[in-house]
Structures are given as structure tokens and as C-alpha cells.
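1. Using only what follows, build the 3D model:
(one chain, ligands or ions: 2)
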Amino acid sequence: MTETKTTKNTADLLVECLEEEGVHYIFGIPGEENLAIMDALEKSKIEFITVRHEQGAAFMADVYGRLTGKAGVCMATLGPGATNLITGVADADCDGAPLVAISGQVGTDKMHITAHQYLDLRAMFEPITRRAYTVVRPDTMPEITRLAFKYAEREKPGATFIDLPVNISKMPVEATEKPLEAKDILPESALESQIEAAATMISYAKNPVILAGSSVIRSHSAEMLTKFAEKLKLPVINTMMSKGAIPFDNPYSMWTVGIPMDDYQTKVLERASLVIAVGYDIIEYAPAKWHLGNADVIHIDSMPADINKNYQPQVEVVGAIPDSLERIMAKAARLQEPKFALDIRKRMVEEHESYANDMSYPVKPQKALIDCRRVMGENDIVISDVGANKVWVARHYNCYKPNTCIISNGFATMGIAVPGAIAAKLVNPEKKILAITGDAGFMMNCQEFETAYRLGTNFVTLIFDDKSYGLIKWKQDMQYGHHSYVDFTNPDFVKFAESVGAIGYRIEKTEDLLPTLTKAFKADKPVIIDCPVDYRENMKLTAHLEALMQEI
Ligand SMILES: Cc1ncc(C[n+]2csc(CCOP(=O)(O)OP(=O)(O)O)c2C)c(N)n1
Ligand SMILES: [Mg+2]
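-> Ligands and ions are numbered 1, 2, ... in the order given. Below you'll find the predicted structure:
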């Protein structure tokens, strides 16, 4: 029987609240318990993006949040729909991506009994969100929605969760119930005493170095950080989540730290007498890996430092990052060039460039990433997956601008690249979007190619094909000298591409990669490139870095 409705209900009010928050898309799968929301959405200008697995929806919302600074929204039905969201929601929460997840729920009249598909979802989402709410009264919808967005978007951003029981969603609300006004909160300025203390330490330090983290990107501080480094002659090491914090071709850029082995950057950090951590979050790269000596630490961020045994800054400059940098810069002075770091930089650049014309086959990961850089413009966006592929992206895909290489490195979740690339293309239809993924990570969310095809989001996916859980194999080889349970077979990726309306290419010789990438970005369909990679390079890198750590 068709339900008729004459007055505004809670679901309508929720959608009004989402509109007030500036929501453009909801990524999700409808279910029986959120029919009222779907009905309300039909009259709204918000676009519902129907996906093929709730995890895909959560990753799309996650990457939408990273790229825009506004919470991405994902939605699922109760029970299994909501549990399918969990991995992507946890990823956003750990990585500082603003995200609001909404799910259906059984009616409040059924929560005390054993009911079909009922789980206490609020309890399940609580540990992986900033706040989790169950709506139990229609007139609380505006407050709950505002709170969900406020806690998702404020520093450090993360995920929030709203559970809307089916009976509440259909209850009438007064026409006078309206959304609460959406407001941005701006961080305050740091105290002058903190600025003075930091400026003095920086001016007199013997070997200072900057460690830039993800909040540099979120707070739009990259340009100021670059000026700061240039004026004070400070080398800048960035984490995986702050690629582009300083252009990689800037003479003070020391590229990316954070791969599982000690690398060139470790040597600079080891020698430092002062580490200036800017927008750095300890989840990105554990202090135990870089703070082994007695270096002093200055923490510059909009949030106070998250303390641990190896991270107890002497000075905390807490306030809007660009403002703090500008004020410290005006008070500090340094004349000496960081010779040790600059010499290391020369070696890093030489090593990287030595792969530019390496035509050996299967393709070396370093060479594949140099070719990717050649086809990608300065503002185009790479979405990396997780695995050995990510280690290579971190080390050899260098960025000019913030938010042009998205890496999950808080929760570090496989399967983010393909759904993430869909969201990136929706947000930036004019840019080239490249998903770089391992073959295993690709298979974890490849169902979303149907979504990409349906939406017309044409991006390119480059699969590092090694028929293996490569990173785990690498770690087994490093720690045990052999590997087990990591190899598999792959489907024919070219046929797979064709079966979902995409174009598929297989790289048969290394010379073909660059022209294939160029051709792929001209296509009017999503493109999947199957690229066999030479992962003998993994253990070679281990040996090379071990030798280097002894030598430098
Ligand atoms: C969802 C998820 N499952 C498992 C892991 C642990 N893990 C990290 S990398 C990796 C292997 C990745 O294999 P693949 O995607 O083929 O990339 P490769 O390492 O071969 O480049 C695994 C299993 C993870 N990070 N995320
Ligand atoms: Mg693999």
C-alpha cells in the first residue's frame, strides 16, 4: 500500500539540515529503513550517488572531505549496510578527513527485543567517530545534524555518525522546526610568549629541520611554510599526508618521510638539534621512528600536541598555523645554509633521476612514477592505495601543490584509491585524476567501476601488478628471509575493464607506459592500465637503504 504524507517529517527536516550544511552529494545505498530519507532527497538539490558497496560510499565521502574541507556524507541502511561503512568511516576518523555517516535503524519500539537486522550501531560507531548519535525525538534533528557537522569539520577533523530509526524518520515535525545555522570556526592566534620562545629557539639552533604534517594541508599553510623555510633556510621534510606542503623542486624540500625503512630523511632528523613540527599529527609517523636523540621540539599547530614518550615538545605554538609562521618568521633570523641536508638532497635527486630512462621490464616502480609525474599537471590529483605501491608513491611521486597526492596513512586502508578517485573527479571534473593501486587493493573495491561508468567520472587507474600482497611479502622477506600465503592470480584486467564499460590496457613493454598514460587521459571513459611491476626492487631498496644508513 502506498504511504501518503501531508506534513513535513523528520527525514524532510534532516535533508533541510544537510542542505543548510552545504552538502552536494550523499554517497550510499538505500535500504528499507531509510525510505523516508530517499523520498525527502527526491525533492532536494542534493545528489544521491548510488554505489555498489557501502565501503565505497564511505571512501568517497572520506576523499571528498579531504579535498574540500567540508564533511563528505555517506549513507547506508541498518545492520549489514551500516557495518559495511565501518572501515571507510574509521579511515576518515584516523586520517583527519571530515565525514558524516548516516544510517537507518529499526524503530525505537523494537530496540529492546531481538529484532531482525538490529545492532546497537551507536555503540559500534562510537570508537571510530568523534560523536555518534541515535535520533530518538524528531525535534532534535537540527541540533544533532549541526553537532555532527561541527565535530566532523573542526580540528582535528574526523567522522561522526547519525542513526535514524525508521519510526522517527516518518514522524511529523512542526513546520517551524528549522536547521541550525552552519558556521565555520576559525582558530585563534597563538600567544605572543609562544611565538617569542619559538623564534629564539629557531634563531639559535645548530641544526634545525621542519617536519610538516597533514594539518599544513588542511589549514592552507603551504605557501606560508615555503616562505618560512626559504627565509630561515630550513630544510623541510613532509609526511605522506602532507605531500605538496612545499614544492618538491624547492631547494629546501627534503621530500617524504614515513616508509617502513630508514631513508635519507632519517639521517637529517637524526642529526637535528631542533625539530620544528608544523601541523604534525603523531598518527602519521610515529615519533619513536624519528625522535631518538636529544633534539628539542617545537610544535606549531592549531591543536595542542598529542603527547607520547618520544613527543614532548619544549614549546607549543597553538593557533592558526599561517599566522604563527608569519609572526615567528618576523622575529627569527638565520643566515647559515643547512649544508648537510642540501648535500643529502643532491643525492636523493640523483638517485630518483637515475630511473628516468630505465626501460627494463617489468616496469620498475620508480620509473612508473616518474612517467606518472610527466603526464600529470601540477594541480592534477593522484589517489594512492595502500601497499608496496604506496611506499613507492611516497618515495618517488613528488608534488608541487597541496592535496595533489592523497595517501591514507593514519588508518592506511587498502581499497581507497578507486572510490577515492570517483569522489576526486566529482569535485574536480577539470583535473586529471589518477588512482595508483596494488592488484589486491584494486580488487577490494573494483565494483565501483560500475559507479564510475554510470556517473561518467573518467579517471585513470594504474594497477601495480605483482600477483601478490606485495608489501606483506616484502616484510616477510625482510624479517624471515622467505614468504608465505601472499601470492594469488588476477582476473584479466583488460577484459574486466571492458565488462564495466571502461577501457583496459596492458603494458607489455616499459616504453609503452608514458604514451598509454597520455592516451588514457584523453579517453571519454574510465581507463584501467594493468602494469606489471618489478618488485625485486623492494628488497633491493631495503639493501640499498641499509648500506646508505651505514655510509652517511
Ligand atoms: C583493508 C586492509 N587489509 C589489509 C591490510 C594490510 N596490508 C597492507 S598492504 C597489504 C598488501 C597490499 O597488496 P596490493 O594491494 O597488491 O599492493 P602491493 O603491496 O602488492 O603493492 C596488506 C594485506 C590493510 N592495510 N588494509
Ligand atoms: Mg600486489
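
2. Was I right to think Pro165 contacts Arg137?
-> No - using CB atoms under 8 Å, Pro165 is not in contact with Arg137, being 10.6 Å away. No exception for glycine: its C-beta is placed from N, CA and C like everyone else's.

3. what residues does the stretch 301-450 of the chain put near ligand 1?
-> Residues of the stretch 301-450 of the chain lying close to ligand 1 by CB under 6 Å from any ligand atom are 385-389, 412-415, 438-441.

4. And the furthest pair within the residues you listed?
-> Spatially, the most separated pair among those is Ala412 and Asp439, at 17.5 Å (CB to CB).

5. Comparing those two, which shows the higher neighbour count?
-> Asp439 (26 against 17; other CB atoms under 10 Å).

6. give the contact list for the more buried one.
-> By CB atoms under 8 Å, 6 or more residues apart in numbering, the contact set of Asp439 is 463-468, 490.

7. if we go to 6 Å?
-> 463, 465, 490 (CB atoms under 6 Å, 6 or more residues apart in numbering).

8. what is the first one paired to in the beta sheet?
-> Read it as Ile463. Per DSSP bridges, residues listed as beta-bridge partners of Ile463: Thr437, Asp530.

9. That one touches Phe442, doesn't it?
-> Yes - Ile463 lies in contact with Phe442 (CB atoms under 6 Å); the separation is 5.2 Å.

10. what do those two both touch?
-> Common neighbours of Ile463 and Phe442, counting by CB under 6 Å, 6+ apart, are absent.

11. number of nearby residues for Glu32?
-> 11.

12. Over to the most centrally placed residue in the chain. Which of the three states is it?
-> Nearest to the mean C-alpha position of the chain, by CA atoms, centre = their mean, lies Ser408 at 4.2 Å. Secondary structure assignment for Ser408 (DSSP: H, G, I helix; E, B strand; the rest coil): coil.

13. give the contact list for it.
-> When contacts are taken as CB under 6 Å, 6+ apart, Ser408 is in contact with 91, 95, 416.

14. Let me have these in TSV, extended by pLDDT and secondary structure.
-> Formatted as TSV, the contacts of Ser408 follow (pLDDT from 0 to 100; DSSP: H, G, I helix; E, B strand; the rest coil):
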residue	pLDDT	secondary structure
Asp91	98	helix
Asp95	97	helix
Ile416	98	coil
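
15. Can you tell me which of those residues is nearest Ile503?
-> Ile416 (22.5 Å).

16. Would you check that the closest one makes contact with Phe59?
-> Yes - here Ile416 reaches Phe59: they are 4.8 Å apart, a contact under CB under 6 Å.

17. of the two, who's got more company?
-> Set side by side, Ile416 and Phe59 show more neighbours around Phe59, with 38 against 34, by other CB under 10 Å.

18. which one is the more buried one nearest to, not counting chain neighbours?
-> Take Phe59 and drop its neighbours on the chain: the residue closest to it by CB to CB, 6 or more residues apart in numbering is Pro419, 3.9 Å away.

19. pretty sure that neighbour is in contact with Gly56, am I right?
-> Yes - Pro419 lies in contact with Gly56 (CB under 6 Å); the separation is 4.1 Å.

20. Overlap in contacts, the two.
-> 445, 448.

21. Including distance to Asn357, could the contacts of Ser408 go into a markdown table?
-> Putting these into a markdown table (distance: CB to CB, whole Å) gives the following:
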| residue | distance to Asn357 |
| --- | --- |
| Asp91 | 37 |
| Asp95 | 36 |
| Ile416 | 32 |
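
22. out of the residues you listed, who's nearest Met111?
-> Of the contacts of Ser408, the one sitting nearest to Met111 (CB to CB) turns out to be Asp91, at 28.2 Å.

23. Distance of the closest one relative to ligand 1?
-> 9 Å (CB to the nearest ligand atom, to the nearest Å).

24. which residues touch that residue?
-> Contacts of Asp91 (CB under 6 Å, 6+ apart): 62, 408, 411, 413.

25. who wins for neighbours among those residues?
-> Asp62 (32 neighbours).

26. and Ala421, how many neighbours?
-> Burial of Ala421 is recorded as 30 neighbouring residues (other CB under 10 Å).

27. Just give the nearest non-adjacent residue to it, would you?
-> Ala435 (3.9 Å).

28. Now the one you found: which helix or strand?
-> Per DSSP states H and E: Ala435 is located in strand 433-438.

29. is any part of that strand close to ligand 2?
-> Yes - with CB under 5 Å from the ion as the criterion, ligand 2 is reached by strand 433-438 at Gly438.

30. Ile436 and ligand 2: what is the separation?
-> 12 Å (CB to the ion, to the nearest Å).

31. do Ala272 as well
-> Plainly put, Ala272 is 35 Å away from ligand 2 if you go by CB to the ion.

32. Thr114 too?
-> Distance, Thr114 to ligand 2, by CB to the ion: 42 Å.

33. before we move on, which element is that residue in?
-> Counting by DSSP H and E, Thr114 is found in no helix or strand.

34. Tell me who's in contact with the closest residue to ligand 2 within the stretch 101-250 of the chain.
-> Ranked by CB to the ion, the top residue of the stretch 101-250 of the chain for proximity to ligand 2 is Met240, at 18.6 Å. Contact analysis of Met240 by CB under 6 Å, 6+ apart lists 256, 258, 394, 407, 409.

35. Output the contacting helices and strands for the helix or strand containing the third one.
-> Looking back up the chat, that one is Ala394. Assigned by DSSP H and E, Ala394 belongs to helix 388-396. Applying 3 or more CB pairs under 6 Å, 6 or more residues apart in numbering; DSSP states H and E, one finds that helix 388-396 contacts helix 365-375, strand 433-438, helix 470-480.

36. Mind putting the contacts of Met240 into JSON lines with neighbour count and pLDDT?
-> Converted to JSON lines, the contacts of Met240 look like this (neighbours: other CB atoms under 10 Å; pLDDT from 0 to 100):
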{"residue": "Thr256", "neighbour count": "28", "pLDDT": "98"}
{"residue": "Gly258", "neighbour count": "23", "pLDDT": "95"}
{"residue": "Ala394", "neighbour count": "25", "pLDDT": "98"}
{"residue": "Ile407", "neighbour count": "28", "pLDDT": "98"}
{"residue": "Asn409", "neighbour count": "23", "pLDDT": "95"}
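
37. if I pick the residue of the chain at minimum distance from ligand 1, what's in contact with it?
-> Nearest residue of the chain to ligand 1: Gly438, at 2.0 Å (CB to the nearest ligand atom). Contact analysis of Gly438 by CB under 6 Å, 6+ apart lists 385, 387, 389, 464.
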